[in-house]
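**Student:** Quick one, structure for this:
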Amino acid sequence: MNVRNPLIALFSLILLGSCASSKYQADGKKWYKGNLHTHSYWSDGDDYPEMIMDWYKSHDYDFVVLSDHNTLAVGQKWKLIPKSPSHEAGFQKYVEKYGDQVIYREDSLGRVEVKLKTLAEYRPMFEEKDEFLIIQSQELTESFEKKPLHMNVTNIQKLIPAEGGNSIPEILQNGLDRVKAQRDSTGVPMFLHINHPNFVWAITPEDIIELDGERFFEVYNGHPQVNNYGDSLRPSMEVLWDKVQAAYLQAGKPLLYGLAVDDAHNYHVFDQNSSNPGRGWVMVLSESLDPASLVEAMERGDFYSSTGVTLESIDFSGKTLNVEVRAEDGISYEIQFFGTKKSNPAESGILLSEISGTSGSYTLESDDMYVRAKIISSKPKENPYQIGDTETAWTQPVKVY
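**Tutor:** Numbers count the residues shown, from 1 in each chain. Modelled structure (predicted):
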């Protein structure tokens, strides 16, 4: 990671004040890799919490959540294992790995039920200071007129039940308000993000534009049914991002940040039709590997999202956004800069500049509302969301304050 001249950095911090990305190169911080959307047998995933944590830890993640639907991993829960070869093989692998720690029983029909480990039980098995962290999370799962409205709450302290509402924006806003109330009452940093807006085409840009206090959404989700790329009638996640971004800035709202996540449900069969781990993640520049530091870093915009591309540095001096890729041999890169002009906000997300190579920069003009970078590599994505996908990364938007 490159470090700027400290005098320039100090000047930038003084000049920019609350500028979200001015601390990308600050001393004493590290990049941490994490996934903020994952499922287990506690709801509709198909594996045990310990097996899932082992997968992420052994694949060099620094932090992960289990964000099961409208539940936290507390209390007693028995899971009836489905009668299928993959689930039964998964149970045998679980027993082979954890032996006497596995509590299970068989009924008169020979079906197996497993007592699931709670977060308090499995957390000490994996967490290591400065090495691996598990953050408590919940996927707040609502619906309106059969449309699924899903929101993840990172670092939640107490379960938030579904409560419904009279419209999609009202339900989403209720979720935001209840998370803010819990944060205010506990003093614990946490945030809500909107999950996969195009899942069953449930959430439109106009729905998100109505919200107050939303800072995050999923620009990339690895589940095969979430329609990341839109269709001929509905926008892709990137088009949605820029449309909402322009509207937010026109209304004086904060920048909206984009997350890449797995939304993993399937851990036994890896293919295009399964929702597998390892498809998308965030890289967070944080002072330490603890929930509060990570949440606060993300709220500053000190992170990027990726499906495989690693960035060497991101630097925003107050006017110029610089991006440098950690290049792989034999791989080429395109760095694209997107933004919206103040003079034409209706035409959001235009391509401002494109550079072939491992580094690129864009200097904001007086008519630019913001700029964000997308880095596209020539390297095919392993087990992709969609056949033909190559590894990609997205920086967070920045603007001149």
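**Student:** what's the burial count for residue 335?
**Tutor:** Neighbour count of residue 335, defined by other CB atoms under 10 Å: 23. Where C-beta positions appear, they are placed from N, C-alpha and C, glycine not excepted.
**Student:** give me every residue that touches it.
**Tutor:** Taking CB atoms under 8 Å, 6 or more residues apart in numbering, we find residue 335 in contact with 323, 325, 354, 355, 356, 357, 359, 360, 373, 374, 375.
**Student:** Ignoring the adjacent residues along the chain, who's closest to the last one?
**Tutor:** Read it as residue 375. In space, and not counting its chain neighbours, residue 375 is closest to residue 393: 4.5 Å by CB to CB, 6 or more residues apart in numbering.
**Student:** Which residues are in contact with that neighbour?
**Tutor:** Counting by CB under 8 Å, 6+ apart, residue 393 touches 304, 305, 306, 307, 308, 309, 310, 311, 374, 375.
**Student:** Just the contacts of residue 335: which are in strands?
**Tutor:** The members of the contacts of residue 335 that map onto strands under DSSP state E are 323, 325, 354, 355, 356, 359, 360, 373, 374, 375.
**Student:** Out of the contacts of residue 393, which two sit at the greatest distance?
**Tutor:** The span of the contacts of residue 393, defined through CB to CB, is set by 310 and 374 at 14.7 Å.
**Student:** Which helix or strand in this protein has the lowest average pLDDT?
**Tutor:** When the helices and strands of the chain are compared on mean pLDDT, DSSP states H and E, helix 6-16 comes out lowest with a mean of 34.
**Student:** Give me the packing partners of the next helix or strand after that helix, helices and strands only.
**Tutor:** The helix or strand immediately downstream of helix 6-16 is strand 30-35, counting by DSSP states H and E. If you count contacts as 3 or more CB pairs under 8 Å, 6 or more residues apart in numbering; DSSP states H and E, strand 30-35 packs onto strand 63-66, strand 281-286.
**Student:** How much space separates residue 226 from residue 279?
**Tutor:** Distance of residue 226 to residue 279, given as CB to CB, to the nearest Å: 11 Å.
**Student:** Check residue 166 too.
**Tutor:** Computed as CB to CB, the residue 166 to residue 279 distance reads 35 Å.
**Student:** Could you give me the buried positions within the biggest helix by length in the chain?
**Tutor:** Longest helix in the chain, counting residues (DSSP state H): helix 168-186. Going by neighbour count (16 or more other CB atoms under 10 Å), the buried part of helix 168-186 is 168, 169, 171, 172, 173, 174, 175, 176, 178, 179, 182, 183.
**Student:** residue closest to the middle of the protein?
**Tutor:** Centroid-nearest residue in the chain, with CA atoms, centre = their mean: residue 259, separated by 3.7 Å.
**Student:** thought that residue was touching residue 34?
**Tutor:** No: in this structure residue 259 lies outside contact range of residue 34 using CB atoms under 8 Å: 10.1 Å.
**Student:** Now the common contact residues for those two.
**Tutor:** Common neighbours of residue 259 and residue 34, counting by CB under 8 Å, 6+ apart, are residue 282.
**Student:** CA atoms only for the longest helix of the chain, dumped as PDB, please.
**Tutor:** Taking C-alpha atoms only, helix 168-186 is exported to PDB below (Å, rounded to 0.1, in the frame of the first residue of the first chain):
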ATOM      1  CA  ILE A 168     -41.900  -0.700   0.200                       C
ATOM      2  CA  PRO A 169     -40.200   2.600   1.200                       C
ATOM      3  CA  GLU A 170     -42.000   2.600   4.500                       C
ATOM      4  CA  ILE A 171     -40.900  -0.900   5.400                       C
ATOM      5  CA  LEU A 172     -37.300  -0.100   4.500                       C
ATOM      6  CA  GLN A 173     -37.400   3.200   6.400                       C
ATOM      7  CA  ASN A 174     -38.800   1.400   9.500                       C
ATOM      8  CA  GLY A 175     -35.800  -1.000   9.400                       C
ATOM      9  CA  LEU A 176     -33.400   1.900   9.200                       C
ATOM     10  CA  ASP A 177     -35.100   3.700  12.000                       C
ATOM     11  CA  ARG A 178     -35.200   0.700  14.300                       C
ATOM     12  CA  VAL A 179     -31.500   0.000  13.700                       C
ATOM     13  CA  LYS A 180     -30.700   3.600  14.500                       C
ATOM     14  CA  ALA A 181     -32.800   3.400  17.700                       C
ATOM     15  CA  GLN A 182     -30.800   0.300  18.700                       C
ATOM     16  CA  ARG A 183     -27.500   1.900  17.900                       C
ATOM     17  CA  ASP A 184     -28.500   5.000  19.900                       C
ATOM     18  CA  SER A 185     -29.700   3.000  22.900                       C
ATOM     19  CA  THR A 186     -26.700   0.700  23.100                       C
END
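**Student:** follow-up on the earlier one: name the member of the contacts of residue 393 with the most neighbours.
**Tutor:** Neighbour counts for the contacts of residue 393, by other CB under 10 Å, peak at residue 304, which reaches 27 neighbours.
**Student:** Quick check: closest non-adjacent residue to it.
**Tutor:** Leaving out its chain neighbours, the residue that sits closest to residue 304 by CB to CB, 6+ apart is residue 395, at 4.9 Å.
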